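Trainee: Fold the following.
(chains A and B, ligands or ions: 1)
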Amino acid sequence: MAQTLYEKLWQAHVVADEGQGMALLYIDRMLLHEVSSPQAFAGLRDRGLKPRRTKPYLAVADHAVPTRQRLQIKDERALAQVELLAANCEEVGFEYLALDDLRQGIVHVIGPELGFTLPGVTLVCGDSHSATHGAFGALAFGIGTSEIECVLATQVLRQKPLKTMRVTIDGVMPEGVSAKDVVLNLIGQLGASGAVGYALEYAGSAVRAMSMEARMTLCNMTIEAGARIGLVAPDATTIAYLAGRPRVPDPLPAKKWLALASDEHAAFDRELALEASQIAPMVSWGTSPDQVVPVSGTVPTGAGVQQLEYMGLSAGDKLAGLPIDRVFIGSCTNGRIEDLRAAAAVVGTNRVAPSVGAIVVPGSGQVRAQAESEGLDQVFIQAGFEWRLPGCSLCVAMNDDRLAPGERCASTSNRNFEGRQGIGARTHLMSPAMAAAAAIRGHIVDVRELLV
Amino acid sequence: MEPFTRLSSRAAPLPQANVDTDIILPARFLLITEKRGLGQYAFYEWRKGGDFVLDQPRWQGALVLVAGDNFGCGSSREHAPWALHDLGIRCIVAPGFGEIFRANMLRNGMLPVTLIEADWRKVMGAAELGEPVTVDLLSGLIMLANGSNFEFALPEDEREALLNGWDEIDGIRARFGEAITAFETRQRVTAPWLWEHEKEPTDG
Ligand code: SF4
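Mentor: Numbering: from 1, shown residues only, chains lettered A, B, ... in the order given. I've put the predicted structure just below:
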């Protein structure tokens, strides 16, 4: 029978069928970070167990790490958490990328960079944006800490198969429009819970034309529509990205990986189509990632009072022209080299508006080094951006970077939740090019105005 | 894990949809590396005014939370259900849940009840009035003081695990150790690149 990519990945990892749709799924790889893992290591220790395997693990600190300098973490709790991860890994023999390691960075950026993320594997992480790795045709999803403990102890998870949804994106994205705009548009259509219970597969000519970086942006935000999994079938682009990376087998099993693609007549539980040429640069206006409009749009009349009050907006307000205080370019959604290139191209020889504090935070040490070798750091620095060290930074208010109450931020991250960037902080999600444009103008603006 | 069978208590109403895990437990408290004692930080921002539902005398000691749709969406942080558990919450009734949050609840002996909108409204009504609500997992019913009952469904495996307070890891190790080893032996042949430089797996 014809199978989807998801079904193939699932079937290849079933250890045992428990009946009632419940299966034991083998987990090939797990990424660990400092926030979600301590209680899992402690739990394992309480049980008197050791991890079943040690090689399929890679650990890195990212959430709590400061991005100005990182070798002296001032926040005692952050320091203790980072040190605990290192100690836990040392104790059980997991590879841990220390803060002074060039390869260090955000867990979802480094996994693919180091060839830890491979097509055909099951990959989990105690982090909801694990969907990112689905861009390689890996069955990747976020799990809780109890599940981390379960994987450590048994290398399996009890799971039920999800329904499948194919999102076909055909056509060519207009200039100034990126994968971020596509996925924001999609989340707006589906709603924040619209894809709960589904594994999404992205298909269509626009997806095939995307780089791996763009596909990762797409898959990364799948969780914001409620789906734990976002997938793209491996193709020549995937193979070319992976070839020669540290953990990638040589010769790589290209044939096997390409065969993972959904069969021609495979049936999906739900189908959705998007026309790429119709998508405009998107901006979020509220406190949920589905509250988005094209940059030419206005805050909708049906908007909730609580959101409007929090965001300091009224129904009917125009997004374009809205003054911003801060700009954040980075995160596991948009902290890759291509994102920095797109932002730098918009910046050019312009300068950041005097009223704006803007930072660029590369997703990893390797992204940072690559950007520097291309001179992108100089473009940003000369324009007045701060050029930071890798980390989650302003994506999540648990390190040194956060917004002051009421500050409005053009952000390339993935969540505009209340308090996500700091208590009372107002987040507008958008693409790197749009955030760069906002930095220059000092207000939200259609990046295409700067491209002509 | 402590078993869940049946409980009666007042239910705290929190009708907003899409209450995400950053609201349930703000990120800065994720620096805490313990499971216990997180209750004081639950809904931290929303509680600042002092009139948050869980702090009002009427809902003191509530074991049940009646929440809006897509409750617990957002991040995978298990700190969110840990914090609610620490506050005493054992059951959450909602039209829908964030998927990872729901899975995390189950692994902490907490019951997620999904009700259709019409039934949910009635339970919400009782919650708002501060009336007692009984949740019975054995019969799969929510009972209100006025005598009305609402059926809820839970997949059998989840129901059994909660009723018995089963420990997932112990269960897997006891029942599937051989199956896991057999899978690994097969995968060494079908995908040897996943096993390079690795000795035999050890079972604990
Ligand atoms: S960058 Fe943001 S979303 Fe990504 S892992 Fe870090 S905190 Fe999570």
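Trainee: give me phi/psi at the residue lying closest to A:T154 once chain neighbours are set aside?
Mentor: Nearest non-adjacent residue to A:T154, counting by C-beta to C-beta, 6 or more residues apart in numbering or on different chains: B:I172, 4.8 Å away. C-beta coordinates here come from the backbone N, C-alpha and C atoms, glycine included. In terms of degrees, to the nearest 10, the main-chain angles of B:I172 are phi -60, psi -40.
Trainee: same thing with B:D119?
Mentor: According to degrees, to the nearest 10, B:D119 has phi -70, psi -40.
Trainee: Pop the domain breakdown of the chain in here.
Mentor: I'll assume chain A. A:5-159, A:163-229+A:260-278, A:284-449 (automatic domain parsing).
Trainee: I was thinking of chain B, sorry if that wasn't clear
Mentor: B:6-153, B:169-197.
Trainee: Out of these, which one sits most buried?
Mentor: domain B:6-153 (a mean of 20; mean count of other C-beta atoms under 10 Å in any protein chain shown).
Trainee: check whether that domain contacts chain A.
Mentor: Yes. Under the criterion of C-beta under 8 Å from any C-beta of the partner chain, chain A is reached by domain B:6-153 at B:16, B:18, B:20, B:22-23, B:26-28, B:30-35, B:45, B:69-70, B:73-78, B:81, B:96-100, B:103-104, B:107-108.
Trainee: Just the residues you listed: which are in strands?
Mentor: Among the residues of domain B:6-153 next to chain A, no member falls in strands (DSSP state E).
Trainee: looking at the domains of chain B, which is closest to A:L97?
Mentor: domain B:169-197 (18.1 Å; C-beta to C-beta).
Trainee: pLDDT (mean, whole number) over that closest one?
Mentor: Across domain B:169-197, pLDDT averages out at 95.
Trainee: ok, the residue nearest to A:T154 to B:P155 distance?
Mentor: 17 Å (C-beta to C-beta, to the nearest Å).
Trainee: ok, now B:A83?
Mentor: On the measure of C-beta to C-beta, B:A83 and B:P155 end up 25 Å apart.
Trainee: How about A:Q306?
Mentor: 34 Å.
Trainee: what's the answer for A:Q382, then?
Mentor: From A:Q382 to B:P155 the distance is 58 Å (C-beta to C-beta).
Trainee: Check B:P192 too.
Mentor: 36 Å.
Trainee: in chain B, which spans are strands?
Mentor: Going by DSSP E, chain B shows strands at B:6-14, B:64-67, B:91-94, B:111-114, B:132-136, B:141-144, B:149-151.
Trainee: Can you give the strand pairings for the fourth one, parallel or anti for each?
Mentor: Neighbouring strands of strand B:111-114 in its sheet, by DSSP bridges, are strand B:91-94 (parallel).
Trainee: was I right about A:C89 contacting A:Y96?
Mentor: Yes. Counting by C-beta atoms under 8 Å, A:Y96 is a contact partner of A:C89 at 3.8 Å.
Trainee: Quick check: the residue of the stretch 201-350 of chain A nearest the ligand.
Mentor: A:C332 (3.2 Å; C-beta to the nearest ligand atom).
Trainee: Just the endpoints, please. Distance across stretch A:54-68?
Mentor: Start and end residues of stretch A:54-68 are separated by 32 Å (C-alpha to C-alpha, to the nearest Å).
Trainee: Pull out the buried positions in that stretch.
Mentor: A:54-67 (16 or more other C-beta atoms under 10 Å in any protein chain shown).
Trainee: Return only those of those residues found close to chain B.
Mentor: Answer for those near chain B (C-beta under 8 Å from any C-beta): A:55-56, A:63-64.
Trainee: Output the domains of chain A in CSV; the columns should cover mean pLDDT.
Mentor: As requested, the domains of chain A are arranged in CSV below (pLDDT from 0 to 100):
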stretch, mean pLDDT
domain A:5-159, 97
domain A:163-229+A:260-278, 98
domain A:284-449, 97
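Trainee: can I get the ones you listed in a markdown table with distance to B:I142?
Mentor: Conversion of the domains of chain A to a markdown table gives the following (distance: least, C-beta to C-beta, whole Å):
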| stretch | distance to B:I142 |
| --- | --- |
| domain A:5-159 | 23 |
| domain A:163-229+A:260-278 | 22 |
| domain A:284-449 | 27 |
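Trainee: gap between A:N399 and A:R326?
Mentor: 15 Å.
Trainee: wait, I meant B:N104
Mentor: 32 Å.
Trainee: which stretch of helix or strand covers the most far-flung residue of chain A relative to its centre?
Mentor: Most distant from the centre of chain A: A:G48, at 34.7 Å, with distances by C-alpha atoms, centre = their mean. Under DSSP states H and E, no helix or strand contains A:G48.
Trainee: Angles on the backbone of it, please.
Mentor: Taking degrees, to the nearest 10 as the convention, A:G48 sits at phi 70, psi 30.
Trainee: Where is the longest strand in chain A?
Mentor: strand A:163-170.
Trainee: Tabulate the domains of chain B in a markdown table, adding columns for distance to A:P38.
Mentor: Formatted as a markdown table, the domains of chain B follow (distance: least, C-beta to C-beta, whole Å):
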| stretch | distance to A:P38 |
| --- | --- |
| domain B:6-153 | 4 |
| domain B:169-197 | 17 |
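Trainee: and of those domains, who's closest to the ligand?
Mentor: It's domain B:6-153; of those, that one is closest to the ligand (C-beta to the nearest ligand atom) at 7.0 Å.
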